[in-house]
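Engineer: no sequence for this one, just the structure:
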DNA sequence: GCCCCGTCTGGGAGCGCTCCCAGAACCCGC
DNA sequence: GCGGGTTCTGGGAGCGCTCCCAGACGGGGC
């Protein structure tokens, strides 16, 4: 055994070929799911792979082939915020679930203050076949920049500076619409909203849904307070503003559970009973919603599905599939709890 | 889609060699920072690299070399929980920060119900040089299993089934000790604790700190309620149990902010004023702590540093550094807010 | 019979590097 | 002068795959 260079452990494709009684070309074809392989060969190869515990070498495939067998998950916008969001956790689970079984690596990238250029160079440098971009602010130029280089990407959340970048998003408009309809059906007559920042599509879309719901019934759409970010503090500030303008409001649709927490606190401090005096509906159905006091009625989005859908869309494009929808909106559902 | 064999863009190492007027062996040596290269050659190579905008091909390096130039971030234990934890977000940021600039890819892996074996095979199959393992339950056999295969790993959080696996953790013991000392200095005399599950080191270490703090002053260490998981619900249940056993308690140290939320609710529902009747101290200083009502006094751990330290430890081991500490405990600090 | 086309197969070049080896150049002490 | 080190260099054999090509086989249409 004169093995100077330490070879990686595990069998090679050649051994699989030998055991299966075919050539390595055929094994390669089976692995890559190509046609023009007889059923007999295919099964022999599968048996051999199982027998030997073979797993293809990623570096070799990438070097020899024309694709990188890897996709990047790009967390734009300082990372911190997005990551801390339970929303993101669910998305990540979905991404992973969709990737399972395929031989595609998931590379994690965050854009740090430093890189920027570097990151784009890396992404378009052939290290990855495509990218999932989770971006918080709609104005972020990264998705568009990447898309224009020709790198297949899917953005999570509708980008405002979008152009024609493929994206997946929850159906924020209809989710908000449903929330407002609920409030109206409960007999509420003075329905306010705490909307997100202007530069985020998610906030704008939910605001549009609220407007539309009120307009359906000819109700006024004046009571809007914009928050500068999705945080309990900003939710509290916005709630205070609303109460100043309309102390007699009887319902508020808050564009995110995390802001609703702040709103809830303010309302309670001022002696409003929830939902008796003021009904509150949130959005997201994050873990915060069920642990709030009182538990929050909210619009649920299936975050895991969100991740799965993004990944599916990207992989489909990479597989050369035609006629893919440019964007996809995922349904939301209303979760009734105690606050409305 | 299939356009012959499309070579990746950009120059190869050969072109750099030609421009620099040396052989590709020498270029390779410069790139890898080996010695035995003359200063003249080194500078010529650097100039050529800059001129051509050369960046080495990751797959080729990995295939030819003996290392994978990648590390895995393994999220054990169903992913969901860990990910939703803001704690994890910070860790991830730290990992990324520490990795910046080095040519090391970060691969994300979660152990899904399915794989298990597969995952170990992949990790030990030479695809990565090492792994960062974030595991929630101390009993998780994965860290140990991986370590025993010889794969360099660093675990985040002290593993109970540890053996001699390198790990990084917050100094939970001293953090809890500090919290108890604070409560004692505030004149509290009946100090309870809501501890985490028995199978998590983080819970056990914080419990030990609490015990020790009380023992210092000869105070009884009876009032312990164990929760079955880190959630507001379990915190609430544990709080109810404590109040049943000692309605006159005047302080409670809760082993996690998220549980403290539930405890806070129960206390308030029963009419206890915080901190007047009962002082509450949490642990983590998660975002929940500052938004709680009242804002929670808590023990802070620097999660970003946590991630940086894990990564530093792993990279150091990969670089063949000697005399590395087997485990590292990071300091905590007390954050005073309104609840104690 | 003929050719052509669709199915299946194996051989082998080469992806862009690293690392081993052989050897050149130079220094030292004797 | 010689041998024996240490420093530096280039050549070239692979790493383990993919993908092109050439070819074998069979079933149509003429």
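Structural biologist: Cool, got the structure. Source: prediction; values computed, not measured. Residues are numbered from 1 along each chain as shown, chains lettered A, B, ... in the order given.
Engineer: could you pull out the strands for chain A?
Structural biologist: Taking DSSP state E as the test, the strands found in chain A are A:70-75, A:105-110, A:130-134, A:153-156, A:167-170, A:191-195, A:224-226, A:251-254, A:279-284, A:297-301, A:327-330, A:332-335.
Engineer: the shortest one pairs with which strands?
Structural biologist: Sheet partners assigned to strand A:224-226 using DSSP bridges are listed as strand A:191-195 (parallel).
Engineer: the partner strand vs strand A:279-284, what angle?
Structural biologist: 30 degrees (axes from the mean of the first three to the mean of the last three C-alpha atoms, to 10 degrees).
Engineer: can you list contacts of strand A:191-195?
Structural biologist: Outside strand A:191-195, the residues that touch it by C-beta atoms under 8 Å, 6 or more residues apart in numbering or on different chains are A:180, A:183-184, A:203-204, A:206-207, A:210, A:214, A:219, A:223-227, A:235, A:238-239, A:242, A:246, A:249-255, A:259-260, A:263. Using the backbone N, CA and C atoms, a C-beta is placed for each residue, glycine as well.
Engineer: just the buried ones from these?
Structural biologist: Using 16 or more other C-beta atoms under 10 Å in any protein chain shown as the burial test, the contacts of strand A:191-195 include A:180, A:183-184, A:203-204, A:206-207, A:210, A:214, A:219, A:223-227, A:235, A:238-239, A:242, A:249-255, A:259-260, A:263 as buried.
Engineer: show me the beta-bridge partners of residue A:283.
Structural biologist: residue A:299.
Engineer: tell me which residues touch residue A:280, please.
Structural biologist: A:251-252, A:254, A:260, A:263-264, A:267, A:274, A:296-297, A:339-340.
Engineer: for chain A, give me the ranges with low pLDDT.
Structural biologist: A:1-7, A:77-86, A:111-118, A:136-138, A:162 (pLDDT under 70).
Engineer: which bits of it sit near DNA strand C?
Structural biologist: A:4-5, A:21-26, A:29, A:35-38, A:40-41, A:60, A:63-64 (C-beta under 7 Å from any atom of the strand).
Engineer: list only buried entries from those residues.
Structural biologist: A:22, A:26, A:29, A:37, A:41, A:60, A:63.
Engineer: which of these sit farthest apart?
Structural biologist: A:41 and A:63 (25.5 Å; C-beta to C-beta).
Engineer: in helices only, show me the buried ones among the residues of chain A next to DNA strand C.
Structural biologist: A:26, A:29, A:41, A:60, A:63 (DSSP state H).
Engineer: got a list of contacts for stretch A:181-190?
Structural biologist: Residues contacting stretch A:181-190 (C-beta under 8 Å, 6+ apart): A:191, A:213-214, A:216-217, A:219, A:223, A:246, A:248-251, A:253, A:279, A:281, A:297, A:334, A:336, A:340.
Engineer: report the buried residues of that stretch.
Structural biologist: Buried, per 16+ other C-beta under 10 Å, within stretch A:181-190: A:181-184, A:188.
Engineer: ok, now stretch A:157-172?
Structural biologist: A:157-162, A:165-172.
Engineer: residue A:259: what's it in contact with?
Structural biologist: For residue A:259, counting by C-beta under 8 Å, 6+ apart, the contacting residues are A:194, A:196, A:227, A:230-232, A:234-235, A:238, A:282.
Engineer: excluding chain neighbours, what is closest to it?
Structural biologist: residue A:235 (3.0 Å; C-beta to C-beta, 6 or more residues apart in numbering or on different chains).
Engineer: from what I can see the one you found touches residue A:257, true?
Structural biologist: No - using C-beta atoms under 8 Å, residue A:235 makes no contact with residue A:257, being 9.3 Å away.
Engineer: out of the strands of chain A, which is closest to residue B:134?
Structural biologist: Nearest of those (C-beta to C-beta): strand A:105-110, 13.0 Å.
Engineer: what about that closest one, distance to the chain center?
Structural biologist: 15 Å (C-alpha atoms, centre = their mean, to the nearest Å).
Engineer: and what of stretch A:331-340?
Structural biologist: 20 Å.
Engineer: span of it from start to end?
Structural biologist: 21 Å (C-alpha to C-alpha, to the nearest Å).
Engineer: buried set for it?
Structural biologist: A:332, A:334-335, A:337, A:339-340.
Engineer: need the strands of chain A in JSON lines (columns: distance to residue A:87).
Structural biologist: What follows is the strands of chain A, written out as JSON lines (distance: least, C-beta to C-beta, whole Å):
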{"stretch": "strand A:70-75", "distance to residue A:87": "12"}
{"stretch": "strand A:105-110", "distance to residue A:87": "16"}
{"stretch": "strand A:130-134", "distance to residue A:87": "9"}
{"stretch": "strand A:153-156", "distance to residue A:87": "9"}
{"stretch": "strand A:167-170", "distance to residue A:87": "10"}
{"stretch": "strand A:191-195", "distance to residue A:87": "18"}
{"stretch": "strand A:224-226", "distance to residue A:87": "20"}
{"stretch": "strand A:251-254", "distance to residue A:87": "15"}
{"stretch": "strand A:279-284", "distance to residue A:87": "6"}
{"stretch": "strand A:297-301", "distance to residue A:87": "8"}
{"stretch": "strand A:327-330", "distance to residue A:87": "13"}
{"stretch": "strand A:332-335", "distance to residue A:87": "13"}
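Engineer: I'd assumed residue A:237 was in contact with residue A:263.
Structural biologist: No - at 9.5 Å, residue A:263 does not count as touching residue A:237 under the criterion of C-beta under 8 Å.
Engineer: give me the beta-bridge partners of the residue lying closest to residue A:156 once chain neighbours are set aside?
Structural biologist: Spatial nearest neighbour of residue A:156, excluding adjacent residues (C-beta to C-beta, 6+ apart): residue A:134 at 4.5 Å. Counting by DSSP bridges, residue A:134 forms beta bridges with residue A:75, residue A:156.
Engineer: next, count neighbours for residue A:134.
Structural biologist: 27 (other C-beta atoms under 10 Å in any protein chain shown).
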